[in-house]
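**Student:** following is a predicted model, sequence given first.
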Amino acid sequence: FQEPALFCQSRSEATCKMSRESEPLWPSGVVPLGADDPEEQEHLEAWCRQFVEELAGSGSDVEASAIEPLRQMAPHAAPRSLREARLLMDHGDREVMQKCCAETFRIKALAAGAMLMTVTLAAWFLFKGATFTSGQAHPSLELAQQRWQSEYGARRGISDESTAAGRRPSFVPAITKYENYYDAANPLRIKPWAQRSQNYFIIIGDWGKAGGPGSCQYAVAGKLQRFVKAQKQAGKHLLFIASVGDNFYWTGVTPKAWREDWEVPYGPNNVTSALYQVPWLAVYGNHDFGEHDPYAICPHVYPIGLINKQAYSGNQLNQDRNPNRPDSTKSFWMPDYNYHYEIPEADLEVIAVDTNGKMDPNLIAGNAKARGIADDVCGGRSVTESFLKAVAKAGDDLVVERAKKSTASTVLIIQHYPGLCPRALFENALTPERRAKVRLICAYGHVHSQRCDVKINGQCMDVLSGGGGGCCGPMVNLAGFTAVHLDDMGGAHVDVESPEVRMAKDTCKW
């Protein structure tokens, strides 16, 4: 857009006038194409308003024969045609018309005007869409916000008008104690086969390569599929896959990553896949936090889920806490940061705990940039650390509780880091009569290899299973997964090092 005086410099007989209105045609924050300067924007708004009013009252029509030539007009021609149309409407003088435009000028001007109005409407709808996305990213919580406002907001002096300024206020108080809320009574309806020794489960970690699966993740996924097919032919049934964290590198899951890094390589929704509809029981790793999932470590700042007045905002959490999670991910189970899952028919229990609050804060979120982004939006490092530590404390409380209440003969504890399995916490809380009856297996990742770290009486007790292929190059030292076979005596056999589950050293290219 140019000032009318500049356009009419060589047209002394033409007087370019512009009408101005107080109400803008464009919503606040949307700048018309080519009008970056506020004064130019005001001129263009006023001109467009008058152009539309005069066009509506003119009764003019565009002939069909002129449509094709107009389609071929370059986009940059439209503003010139509009300025010429302004001159034509302000002056009925034939001489001015001849100077300003060709014989088809009026048709082009009207078409250009229509083009500008189309762009304007598109900009308006894009603006409204952006406003809805950024300002109302969690519409399912509207009633929850209202309930919170009536219960907490008045006391804290926070009003509903705070959202009108474009900010995302904390409408749920920051936690001082984290509570675990979930359903543990086999909500996925996992059905073991009748004989306990016919059942087994898989452990895998550090698998979701950033930017889509690489050759190593595909190699491990292919090996896993072949293993499960062979086990099925041998009369064995896969109960679930336990994912020990770093599910999505480098800094959390994105909508695209759900499909590229999980659905495509493993086929949970593909009827031809050996892993079709097999449940995944997962925990967060350090690379699951960061700029792609920043509010997971400060959900009260921007909640997308609310249960028992406690906020949730983790992208990997189940849909009751994260309504934005794709429907195709329902078999990926993460009902809370800490949870347990009971399969009494298999005399088996899984305890999943988040231990990120026990690690060096600089390791959380993958890299300094991603952690900085999360800290910034959350209100500082102290806010995110306070949340992670509260979650870790709730995890420890869960371990003690399950040691006292569980009746399963085999218990699997999954978390992300070597050396942080709460084995002692669990075993010390067991009753004396239960200590000799429980087989406790600790599983974790973080280190990108496959090995048994602790053996007692020839049985693997602590298993490292971080060789899923999601990290790091150029080679993953020992890539693979772990298979845990249940027996008929209430115990289990862990296979983490055989050729059936582990690839040869330095053969998996990341």
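**Tutor:** Yes, it's here. Residues are numbered from 1 along each chain as shown.

**Student:** in what helix or strand does the closest residue to residue 462 other than its chain neighbours lie?
**Tutor:** Nearest residue to residue 462 in three dimensions, chain neighbours excluded: residue 454, at 3.8 Å (C-beta to C-beta, 6 or more residues apart in numbering). The way it works is simple: take the backbone N, C-alpha and C, and place the C-beta from them, glycine included. Secondary structure assigned from DSSP states H and E places residue 454 in strand 450-456.

**Student:** just the C-alphas of the helix or strand just after that strand, formatted as CSV.
**Tutor:** Using DSSP H and E, the helix or strand that follows strand 450-456 towards the C-terminus is strand 459-465. Extracted in CSV, the C-alpha atoms of strand 459-465 (Å, rounded to 0.1, in the frame of the first residue of the first chain):
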residue,chain,number,x,y,z
GLN,A,459,18.4,-64.6,38.7
CYS,A,460,18.5,-61.1,37.2
MET,A,461,17.0,-58.6,39.7
ASP,A,462,18.0,-55.2,38.2
VAL,A,463,17.8,-54.8,34.5
LEU,A,464,19.1,-52.0,32.3
SER,A,465,17.0,-51.8,29.1
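
**Student:** ok, which stretches of the stretch 201-350 of the chain are strands?
**Tutor:** In the stretch 201-350 of the chain, the strands defined using DSSP state E, counting those that start in this stretch lie at 237-243, 280-282, 305-307, 310-312, 332-333, 339-343, 348-352.

**Student:** picking that back up, residues near the residue nearest to residue 462, how many?
**Tutor:** Around residue 454 there are 13 other residues, counting by other C-beta atoms under 10 Å.

**Student:** do residue 329 as well
**Tutor:** A count of nearby residues for residue 329, using other C-beta under 10 Å, gives 21.

**Student:** I'd guessed the residue nearest to residue 462 sits against residue 444; true?
**Tutor:** No. With contact defined as C-beta atoms under 8 Å, residue 454 does not count as touching residue 444 (11.4 Å).

**Student:** picking up where we left off before, of all the strands of the stretch 201-350 of the chain, which one comes closest to residue 498?
**Tutor:** Among these, strand 237-243 comes nearest to residue 498, with 16.8 Å by C-beta to C-beta.

**Student:** tell me the angle of that closest one relative to strand 339-343?
**Tutor:** Orientation check (axes from the mean of the first three to the mean of the last three C-alpha atoms, to 10 degrees): strand 237-243 against strand 339-343 gives 170 degrees.

**Student:** which residues touch strand 237-243?
**Tutor:** Applying C-beta atoms under 8 Å, 6 or more residues apart in numbering, the contact partners of strand 237-243 are 188, 190, 192-193, 198-205, 207, 228, 231-232, 275, 278-283, 343, 346, 348, 350, 412, 414, 443.

**Student:** and stretch 320-336, what's buried?
**Tutor:** Applying a neighbour-count criterion of 16 or more other C-beta atoms under 10 Å, one finds 320-322, 325, 329, 331-336 buried in stretch 320-336.

**Student:** an error on my part: the question was meant for stretch 346-365.
**Tutor:** Neighbour-count burial for stretch 346-365 [16+ other C-beta under 10 Å]: 346-359, 361, 364-365.

**Student:** likewise for stretch 276-284?
**Tutor:** 278-284.

**Student:** what's the closest of those to residue 375?
**Tutor:** Looking across these and measuring by C-beta to C-beta, the closest to residue 375 is residue 284, at 16.9 Å.

**Student:** any idea how far residue 339 lies from residue 251?
**Tutor:** 23 Å (C-beta to C-beta, to the nearest Å).

**Student:** if we can go back for a sec, wait, what's in contact with the residue nearest to residue 462?
**Tutor:** Going by C-beta under 8 Å, 6+ apart, residue 454 touches 442, 460-462.

**Student:** list residues touching both of residue 454 and residue 444?
**Tutor:** residue 462.

**Student:** report the separation between residue 417 and residue 270.
**Tutor:** From residue 417 to residue 270 the distance is 32 Å (C-beta to C-beta).

**Student:** quick one: strands adjacent to the strand holding residue 454?
**Tutor:** Here strand 450-456 is paired, per DSSP bridges, with strand 459-465 (antiparallel).

**Student:** what pairs with the following helix or strand past the partner strand, parallel or antiparallel?
**Tutor:** Going down the chain from strand 459-465, the next helix or strand is strand 475-476, by DSSP H and E. Sheet pairing for strand 475-476, assigned by DSSP bridges, gives strand 508-509 (antiparallel).

**Student:** tell me which residues are up against the partner strand.
**Tutor:** Applying C-beta under 8 Å, 6+ apart, the external contacts of strand 508-509 come out as 214-216, 219-220, 467, 469, 473-476, 479.

**Student:** can I have the buried ones of these as a PyMOL selection?
**Tutor:** Buried residues within those, by 16+ other C-beta under 10 Å, are selected in PyMOL with:
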select buried, resi 214+216+219+220+467+469+476+479
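
**Student:** check the contacts of strand 508-509 and tell me the two furthest apart.
**Tutor:** Once C-beta to C-beta is applied, the contacts of strand 508-509 give 220 and 474 as the farthest pair, at 16.0 Å.

**Student:** flag the shaky bits of the protein, pLDDT-wise.
**Tutor:** Scanning the chain for pLDDT under 70 picks out 1-114, 118-171.

**Student:** residues contacting residue 486?
**Tutor:** Counting by C-beta under 8 Å, 6+ apart, residue 486 touches 196-197, 199-200, 346-348, 410, 492.

**Student:** and it, bridged to which residues?
**Tutor:** Under the criterion used (DSSP bridges), residue 486 bridges to residue 492.

**Student:** can you check residue 332 too?
**Tutor:** Residue 332 has these beta-bridge partners by DSSP bridges: residue 280.

**Student:** list the residues that contact it.
**Tutor:** Contacts of residue 332 by C-beta under 8 Å, 6+ apart are 262, 268, 280, 282, 316.

**Student:** now it: how far from residue 312?
**Tutor:** 16 Å.

**Student:** what do you get for residue 414?
**Tutor:** Noted for residue 414: a distance of 20 Å to residue 312, by C-beta to C-beta.

**Student:** returning to what we had before: TSV for the strands of the stretch 201-350 of the chain, including distance to residue 507?
**Tutor:** Formatted as TSV, these follow (distance: least, C-beta to C-beta, whole Å):
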stretch	distance to residue 507
strand 237-243	23
strand 280-282	26
strand 305-307	42
strand 310-312	41
strand 332-333	28
strand 339-343	34
strand 348-352	31
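
**Student:** select, out of those strands, the one closest to residue 294.
**Tutor:** strand 310-312 (13.7 Å).

**Student:** residues near the spatially closest residue to residue 260 that is not a sequence neighbour, how many?
**Tutor:** Spatial nearest neighbour of residue 260, excluding adjacent residues (C-beta to C-beta, 6+ apart): residue 212 at 4.5 Å. Neighbour count of residue 212, defined by other C-beta under 10 Å: 15.

**Student:** now do the one 10 residues further on
**Tutor:** The tally of other residues near residue 222 (other C-beta under 10 Å) stands at 11.

**Student:** which residues does it contact?
**Tutor:** Counting by C-beta under 8 Å, 6+ apart, residue 222 has no contacts.

**Student:** how much space between it and residue 424?
**Tutor:** Counting by C-beta to C-beta - residue 222 and residue 424 are separated by 38 Å.

**Student:** gap between the closest residue in space to residue 267 that isn't next to it in sequence and residue 331?
**Tutor:** Nearest residue to residue 267, sequence neighbours excluded (C-beta to C-beta, 6+ apart): residue 273, at 2.7 Å. Computed as C-beta to C-beta, the residue 273 to residue 331 distance reads 12 Å.
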